[in-house]
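**Q** Sequence and computational prediction follow.
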Amino acid sequence: MNPRRPVTALYPGSFDPVTLGHEDIARRTLRVADRVVVGVAHTATQAKRPAFSMADRLEMLEEVFADDDRITCVSFRGLLVNFAREIGADVVVRGLRAVSDFEYEFQMAQMNREMDPEMEFIFLTPDAHLSFLSASLVREVARLGGDVSPFVSPPVLNRLTERFREQVEGD
Ligand code: ADP
């Protein structure tokens with residue numbers, strides 16, 4: 001008998017904060033991989049400052065995925081290809097919401113492939129009712145006092161409520 005080697009998938013992103021769309025993609029990944037590492041990118045190279053600190057983003061992810069020990073969450077800096085190699089990832093997973101995501105994702109996958117020809121990407125689509133969801137929209141609605149409970153898990157909802165209450169009080 002030749003037992004199959006466990007497959008590790010890396011799901012990278014900023015998760016600022018984790019939404020039900022992200023959750024859906026991470027859990028779906030377990031249909032094709034044995035283990036998922038959610039990689040939270042330090043955003044120092046990005047123009048936008050994250051709304052939540054790395055510690056908060058990781059804590060929310062850990063709470064959200066506390067029910068499944070096949071999903072672990074870690075932060076990373078620098079190139080995705082280096083981090084993927086470091087953790088022994090077999091494949092990188094990204095979510096595709098709409099055609100609008102495709103161009104950026106395709107470009108990024110090709111660039112990463114140039115840097116590491118061994119790297120494989122898979123793209124998963126979320127449940128239809130989550131396909132309009134983005135972390136930035138959730139932040140915006142929460143900031144304006146809207147109800148974001150249909151879009152995030154309870155630990156995230158609490159954090160968002162706290163964060164934007166503080167902000168309103170600080171205004
Ligand atoms: P966002 O685009 O929400 O700010 P990230 O930058 O953290 O999220 O994205 C991480 C990955 O998750 C990307 O591949 C992104 O396309 C995917 N993703 C984000 N939201 C959803 C969703 N609602 N459905 C499917 N994939 C998603």
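**A** Thanks, I have the structure now. Fair warning: this is a prediction, and the values are worked out from it, not measured in the lab. Numbers count the residues shown, from 1 in each chain.
**Q** going forward, measure contacts between C-alpha atoms and count neighbours the same way
**A** OK.
**Q** how about the residues of this protein near the ligand?
**A** 12-15, 21-22, 94-97, 125-126, 130-136 (C-alpha under 6 Å from any ligand atom).
**Q** what about the helices in this protein?
**A** Using DSSP state H, the helices of the chain run over 20-29, 54-64, 80-86, 99-115, 135-143, 154-170.
**Q** got the angle between the first one and helix 154-170?
**A** What it means is helix 20-29. Put simply, helix 20-29 runs at 160 degrees to helix 154-170, going by axes from the mean of the first three to the mean of the last three C-alpha atoms, to 10 degrees.
**Q** got the buried residues for helix 20-29?
**A** With burial defined by 16 or more other C-alpha atoms under 10 Å, the residues of helix 20-29 counted as buried are 20-29.
**Q** other SSEs contacting that helix?
**A** strand 35-41, strand 91-95, strand 121-124 (3 or more C-alpha pairs under 8 Å, 6 or more residues apart in numbering; DSSP states H and E).
**Q** One more: the second one?
**A** For helix 54-64, the elements it packs on are strand 35-41, strand 71-76, helix 154-170, judged by 3+ C-alpha pairs under 8 Å, 6+ apart.
**Q** got JSON lines for the ones you listed, with distance to Glu114 too?
**A** Below are those laid out as JSON lines (distance: least, C-alpha to C-alpha, whole Å):
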{"stretch": "strand 35-41", "distance to Glu114": "20"}
{"stretch": "strand 71-76", "distance to Glu114": "20"}
{"stretch": "helix 154-170", "distance to Glu114": "36"}
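**Q** Pick the most buried one from those.
**A** Ranked by mean neighbour count, the helices and strands packed on helix 54-64 are led by strand 35-41 with a mean of 22 (mean count of other C-alpha atoms under 10 Å).
**Q** picking that back up, I'd like the buried residues of helix 20-29 as JSON lines, with pLDDT and distance to Arg143 appended.
**A** What follows is the buried residues of helix 20-29, written out as JSON lines (pLDDT from 0 to 100; distance: C-alpha to C-alpha, whole Å):
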{"residue": "Leu20", "pLDDT": "98", "distance to Arg143": "18"}
{"residue": "Gly21", "pLDDT": "97", "distance to Arg143": "19"}
{"residue": "His22", "pLDDT": "98", "distance to Arg143": "20"}
{"residue": "Glu23", "pLDDT": "98", "distance to Arg143": "22"}
{"residue": "Asp24", "pLDDT": "98", "distance to Arg143": "24"}
{"residue": "Ile25", "pLDDT": "98", "distance to Arg143": "25"}
{"residue": "Ala26", "pLDDT": "98", "distance to Arg143": "26"}
{"residue": "Arg27", "pLDDT": "98", "distance to Arg143": "28"}
{"residue": "Arg28", "pLDDT": "98", "distance to Arg143": "30"}
{"residue": "Thr29", "pLDDT": "98", "distance to Arg143": "31"}
